[in-house]
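Asks: sequence and predicted structure are below.
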Amino acid sequence: MPIIRFNGDAYECPTTETVLQTLLASGVALPYSCKVGICHTCLLRSLKGRVPPAAQQGLRENLRLQGFFVSCLCRPEDDMDICLPEDTHLLGRAIVVAKDFLTPRICRVLLEPATPLYYHAGQFINLHRADGLVRSYSLASVPVLDRHLEIHVKRLQNGRMSNWICDELQVNDAVDLSGPHGECFYVSGNPNQALLLIGTGTGLAPLLGIVRDALYSGHKGPVCLYHGSHEYAGLYSMDLLHGLVERYPHFHYTPCVSSKPSRHTLVRAGRADDNAFADLPNLSGWRVFLCGNPPMVRSARKKAYLAGADMAEICVDPFEVTDLRRAPRD
Amino acid sequence: MTATLYEQIGGASAVEAAVDIFYRKVLSDDSISDFFETVDMAAQRAKQKAFLTMVFGGPNHYTGKDMRNAHAHLVEQGLNDAHFDAVVGHLQATLRDLGVPTGLIDEVTAIAASTRDDVLNR
């Protein structure tokens, strides 16, 4: 009979029973609702052991790769070590190895974790300050290409963490981090699929990682990146991106400025999402990544879906809304 | 034994074929889209799937009480007969798009219509 290890205890799981049934019958309090695999409230994560394919049916590929499964559909055939999704949020220490400014308001920080962080380009980490303040930052780095973790921190008015990072954090300082989190990342295996990436502000950070990950992994389909900023001064990493355009003919980069018609010839006027959907009215079969300003992400997700993209192919990372970003800024 | 409505329509694969057509129609209709837009669109799509499974006569766990509870906050926001009719209209159009025979569409419509009082909390 397969053995389920969870929270330091072991449970025998008869092959006729689901993981959820076994744990509930043993008095473990787990969140669940529909018990038929629709609501995903009972999502758990496998740390070790094979997950039966039926338990990942309907989950998006990113979650499947990370070992998430629906416990009410999981009838284990082998032993499994499992945990609640949030149990993987372990703290690690990292050293600041470099810090510079990409724009007057956006600071780039390179971090070297004490133990290597296993992550996908496009995921985010939570940065913990010694006094307990926590904020989420997307990773702009790519594990196989970059030695250090790279984050882009936008200075927010009255933002306690962002101003501290911009003004006080020094090279060689240590910070604590947890993660990685997030399911907004590139998955290989469909190299001819067309990719649309739309980001506003530092929403470019995860997209830089995803774009480089895809291109260096040999992605063949078109990769279309739209970066939006209110002002021209908010656009950044343009040289890097124009360099990628030179090198990869199937990579398209469209920087957009929404505030006023731009004098810069290589910059489009208007919002990044409006330009993208005007250029690409049919997104059937596309994979879409949306990062940054939450109202933009929400409205672009709807537009992408209405333009024919599958819901499961739309990856979103609304800044300051999900997870810790929901916390009010003071 | 005659096939059930759910089997005649095509079961789970018919639901899968219908859900995106249906949900896109609903989201494109400005008169009702506000009721269907949430932060978690994937969860909302799953709800539409459950709804279609039910009106196609498939296995479901809906009760009248669930329907009432699920829609109570929308009724407070003004959900009324006109909105309900619009949704049923999109349901019928979805089935026509998929080439479902008229007789089956009528059966589905009857199931959907039977939820009216629960959905509108009357």
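Replies: Great, that's in hand. Numbering: from 1, shown residues only, chains lettered A, B, ... in the order given.

Asks: which residues does whatever helix or strand A:E246 lives in contact?
Replies: A:E246 belongs to helix A:238-247 when elements are defined using DSSP states H and E. With contacts defined as C-beta atoms under 8 Å, 6 or more residues apart in numbering or on different chains, helix A:238-247 is touched by A:208, A:211-212, A:215, A:225, A:227, A:251-253, A:255, A:266. Glycine gets a C-beta too; all of them are placed from N, C-alpha and C.

Asks: now with 10 Å, please.
Replies: Helix A:238-247 has contacts (C-beta atoms under 10 Å, 6 or more residues apart in numbering or on different chains) with A:204, A:207-208, A:211-212, A:215-216, A:223, A:225, A:227, A:235, A:237, A:251-255, A:264, A:266-267.

Asks: in it, what counts as buried?
Replies: Across helix A:238-247, burial judged by 16 or more other C-beta atoms under 10 Å in any protein chain shown covers A:241, A:244.

Asks: report the buried residues of the helix or strand that it is followed by.
Replies: Once helix A:238-247 ends, the next helix or strand along the chain (criterion: DSSP H and E) is strand A:251-257. Using 16+ other C-beta under 10 Å as the test for burial, strand A:251-257 gives A:251, A:253-257.

Asks: swap in stretch A:132-150?
Replies: Neighbour counts over stretch A:132-150 (16+ other C-beta under 10 Å) mark A:135-143, A:148-150 as buried.

Asks: got it, and stretch A:107-126?
Replies: Buried residues in stretch A:107-126 (16+ other C-beta under 10 Å): A:107-111, A:113, A:117, A:119-126.

Asks: measure it end to end?
Replies: One end of stretch A:107-126 to the other measures 16 Å (C-alpha to C-alpha, to the nearest Å).

Asks: as a whole number, average confidence for it?
Replies: Computed over stretch A:107-126, the mean pLDDT rounds to 91.

Asks: same check, this time on stretch A:81-89
Replies: Across stretch A:81-89, pLDDT averages out at 72.

Asks: next to chain B, which bits of the stretch 201-330 of chain A? Give me the list.
Replies: Proximity of the stretch 201-330 of chain A to chain B, by C-beta under 10 Å from any C-beta of the partner chain, involves residues A:294, A:297-299, A:301-303, A:305-312, A:314, A:316, A:318, A:321-322.

Asks: 7 Å - rerun?
Replies: Selection of the stretch 201-330 of chain A residues close to chain B by C-beta under 7 Å from any C-beta of the partner chain yields A:301-302, A:305-306, A:311.

Asks: among the buried residues of stretch A:107-126, name the ones in helices.
Replies: Counted as lying in helices by DSSP state H, out of these, is not a single one.

Asks: A:Q56 and A:S46, how far apart?
Replies: 9 Å (C-beta to C-beta, to the nearest Å).

Asks: any common contacting residues for the two?
Replies: A:F69 (C-beta atoms under 7 Å, 6 or more residues apart in numbering or on different chains).

Asks: which of the buried residues of stretch A:132-150 sits closest to chain B?
Replies: If you rank the buried residues of stretch A:132-150 by distance to chain B using C-beta to the nearest C-beta, A:S136 comes first, at 16.6 Å.

Asks: so after the helix or strand of chain A at the bottom of the mean pLDDT ranking, what's the next helix or strand?
Replies: Least confident element among the helices and strands of chain A, by mean pLDDT, DSSP states H and E: helix A:61-65 (a mean of 77). Per DSSP H and E, the first helix or strand lying C-terminal to helix A:61-65 is strand A:68-70.

Asks: what residues sit buried inside that next one?
Replies: Across strand A:68-70, burial judged by 16+ other C-beta under 10 Å covers A:68-70.

Asks: list the contacts for residue 60?
Replies: I went with chain A, as the question did not name one. Residues in contact with A:R60 (C-beta under 7 Å, 6+ apart) are A:183, A:312.

Asks: meant chain B, my bad for not saying
Replies: Residues in contact with B:N60 (C-beta under 7 Å, 6+ apart) are B:50, B:53-54.

Asks: hmm, try it at 6 Å
Replies: B:53-54 (C-beta atoms under 6 Å, 6 or more residues apart in numbering or on different chains).

Asks: check which helix or strand covers it.
Replies: Following DSSP H and E, there is no helix or strand that holds B:N60.

Asks: any idea how far it is from B:M54?
Replies: B:N60 sits 4 Å away from B:M54, going by C-beta to C-beta.

Asks: residue of the stretch 151-300 of chain A closest to chain B, please.
Replies: With C-beta to the nearest C-beta as the measure, A:R298 is the residue of the stretch 151-300 of chain A nearest to chain B, at 7.1 Å.

Asks: that residue: neighbouring residues, count only.
Replies: The tally of other residues near A:R298 (other C-beta atoms under 10 Å in any protein chain shown) stands at 18.

Asks: after the helix or strand that contains it, next one along is what?
Replies: Using DSSP H and E, the element containing A:R298 is helix A:294-306. Counting by DSSP H and E, the next helix or strand C-terminal to helix A:294-306 is strand A:314-318.

Asks: check which residues of that next one are buried.
Replies: So, applying 16+ other C-beta under 10 Å, buried residues of strand A:314-318: A:314-318.

Asks: sheet partners, orientation included, of that strand?
Replies: When pairs are called by DSSP bridges, strand A:314-318 turns out to pair with strand A:287-292 (parallel).

Asks: contacts only, for A:G228.
Replies: A:200, A:256, A:271-272.

Asks: identify the residue spatially nearest to it, adjacent ones excluded.
Replies: Spatial nearest neighbour of A:G228, excluding adjacent residues (C-beta to C-beta, 6 or more residues apart in numbering or on different chains): A:A272 at 2.8 Å.
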